[in-house]
Structures are given as structure tokens and as C-alpha cells.
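*Asks:* I'd like to go over a predicted model; first the sequence, then the structure.
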Amino acid sequence: ECLQRKHVAAQTAAAIAHELKQPLLAIAAYSEAALMMIKAENPNFDKISKAIEGSVGQSLRAGQSIRKMLEFLSLKEFPTEVFDLNKEIHDALNAANSEYELRFNPVLQLEKGLPFIRANRIHVQKVLLNLLRNGVDAMQEARVPLPEITVTVRTIKDANVAQVTIQDNGPGVKKEDFN
């Protein structure tokens, strides 16, 4: 049980870091741009204002991510239900496309005949949408011409586990971003 708690804590820390990384990198970029423009011979205050507004927007996004994560962690019980994971993935892709207007080409590699899973369906949906949104944001920032996200579902039968992998065709994380 202690090992499981440590594993959950490590996953939670990784999720928080992942959620904060994108807005923090954007805040740094906006701030750096604003500083460079301020030091220019003829500062363009409209552009400086837009850079600062972008930084403010990203800081609000980071704060919202922290609040959502703390709200999630404060729940004592996570009500679970039995549902079709493959259908949930299709629903998340449809929501990403229609509600959030995320533009990318989905590539699905779903395991056929996947048994129903027991989990908190709403949390699964939120995680899927967050990963899709983060992937699209990163690819837009990197100016990937044809954004593509591959969703793979496999079961690990001996462990009674379903594994979902979400991978985009962006440039990946630079080494300096790990420091």
C-alpha cells in the first residue's frame, strides 16, 4: 500500500508538472519578448501590451490548472462506473473537435473486443481532453503543418489493466526544458 501511495504521488506530481509546463514556458516567452520590445529604440506599446496580455492569460491558465488539480485531489472518494473505454475515446475526440475546436488528424489504434473498464468516467474524459489540448497547443506553438495525434489502447491482461497512449507528431521536448 505504501508503494502504491508513492506511485500515485509520483503520478500526481508528474501530472501537475505537465499541466504547468506549457503555460510557464509561454509566460517566459511572452515576458522575454516584452522585455526585448521595451529595450528597443522605438518601443511598440501595442505589441508590448499584447505580450503582457498573453503572459497574464497563460498565468491564469496555470492557476486554473492548479485549482482543478487541487479540487481533484481533495475528493475523498472517486465514484466509479463500468464503461466502454474505446467509446469514451471517440467521445473525447468528438468533444475536442466540436466543443474545443482543436484541429488535428486523429489516428486510432484501439484494441478490438476490449472489455469494459471500471473507473471514474469523468476523470478519464478530462485527462483525455487535457492531453489532446496540450498536444495541439504544443504542435501549434511549434508550427507543425499537419498536426496528428495517435491514440493507442492496449490491455495488459496479466495485470488487468488497460493502457492508453496518446502521442502527437510534434517536435518533442527539448533537453533544456528538463532543467
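*Replies:* All right, it came through fine.
*Asks:* how about the longest helix belonging to the chain: buried residues?
*Replies:* Of all the segments assigned as helix in the chain under DSSP state H, the longest by residue count is helix 2-38. Residues 15, 19-20, 22-24, 26-27, 30, 33-34, 37 are the ones in helix 2-38 that count as buried (16 or more other Cβ atoms under 10 Å). The C-beta positions use only the backbone N, C-alpha and C, and glycine is treated the same way.
*Asks:* L24: what's it in contact with?
*Replies:* Shown here is L24, whose contacts under the criterion Cβ atoms under 8 Å, 6 or more residues apart in numbering are 58, 62.
*Asks:* ok, which stretches of this structure are helices?
*Replies:* Taking DSSP H as the criterion, the chain carries its helices at 2-38, 45-74, 85-98, 121-141.
*Asks:* run the angle between the third one and helix 121-141 for me.
*Replies:* Looking back up the chat, that one is helix 85-98. Here helix 85-98 runs at 50 degrees with respect to helix 121-141, directions being taken by axes from the mean of the first three to the mean of the last three Cα atoms, to 10 degrees.
*Asks:* any low-confidence regions in the chain?
*Replies:* Scanning the chain for pLDDT under 70 picks out 1-9, 11-12, 72-77, 100, 173-179.
*Asks:* before we move on, back to that, A162 is nearest to which of the helices of the chain?
*Replies:* Proximity to A162, assessed across those by Cβ to Cβ, is greatest for helix 85-98 (5.6 Å).
*Asks:* distance from that closest one to the middle of the chain?
*Replies:* In terms of Cα atoms, centre = their mean, to the nearest Å, the gap separating the centre of helix 85-98 from the centre of its chain is 15 Å.
*Asks:* please point out which parts of it sit buried.
*Replies:* Buried positions in helix 85-98, judged by neighbour count with 16+ other Cβ under 10 Å: 85-86, 88-89, 91-93, 96.
*Asks:* stretch 41-49 too?
*Replies:* Residues I48 are the ones in stretch 41-49 that count as buried (16+ other Cβ under 10 Å).
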